[in-house]
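Novice: Okay, structure incoming, though there's no sequence with it:
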């Protein structure tokens, strides 16, 4: 029996490649709404981040999340995402 491949994704905070199921996906849809994708299957441009506050802070400080989603992200959205990251973690 062949081993099943585990999909890896790169965290925008720390830059490490981690199994997809261990990461949180943040999505920007066609209406420019930014939210957390719990299913990992929502339509839109996605970025992955580790489920910890340190990676989130790195991504915010270096503006990597902005670059990954190709949009300017306001502070209120960062604050809302941080609360959800902490609650999911």
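Specialist: Cool, the structure landed. Just so you know, these numbers come straight off a predicted model, no measurement behind them.

Novice: what's across from the spatially most central residue of the chain in the sheet?
Specialist: In the chain, the residue lying closest to the centroid (Cα atoms, centre = their mean) is residue 48, at 3.1 Å. The residues listed as beta-bridge partners of residue 48 by DSSP bridges are residue 11, residue 25.

Novice: tell me the pLDDT at it?
Specialist: According to the prediction, residue 48 has pLDDT 93.

Novice: got the contact list for residue 12?
Specialist: Shown in contact with residue 12 (Cβ atoms under 8 Å, 6 or more residues apart in numbering): 47-49, 55, 59, 64-65, 68. Where C-beta positions appear, they are placed from N, C-alpha and C, glycine not excepted.

Novice: would you list these in JSON lines and tack on distance to residue 74?
Specialist: Below are those laid out as JSON lines (distance: Cβ to Cβ, whole Å):
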{"residue": "47", "distance to residue 74": "16"}
{"residue": "48", "distance to residue 74": "21"}
{"residue": "49", "distance to residue 74": "17"}
{"residue": "55", "distance to residue 74": "20"}
{"residue": "59", "distance to residue 74": "15"}
{"residue": "64", "distance to residue 74": "16"}
{"residue": "65", "distance to residue 74": "12"}
{"residue": "68", "distance to residue 74": "16"}
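
Novice: Now the two most distant members of the residues you listed.
Specialist: The two members of these with the most space between them (Cβ to Cβ) are 55 and 68, at 12.7 Å.

Novice: who's in contact with whichever helix in the chain runs longest?
Specialist: Across the chain, the longest stretch assigned as helix under DSSP state H is helix 75-88. Outside helix 75-88, the residues within contact range by Cβ under 8 Å, 6+ apart are 24, 26, 34, 36, 49, 51-53, 56, 60, 65.

Novice: Right, I'll call it a day here.
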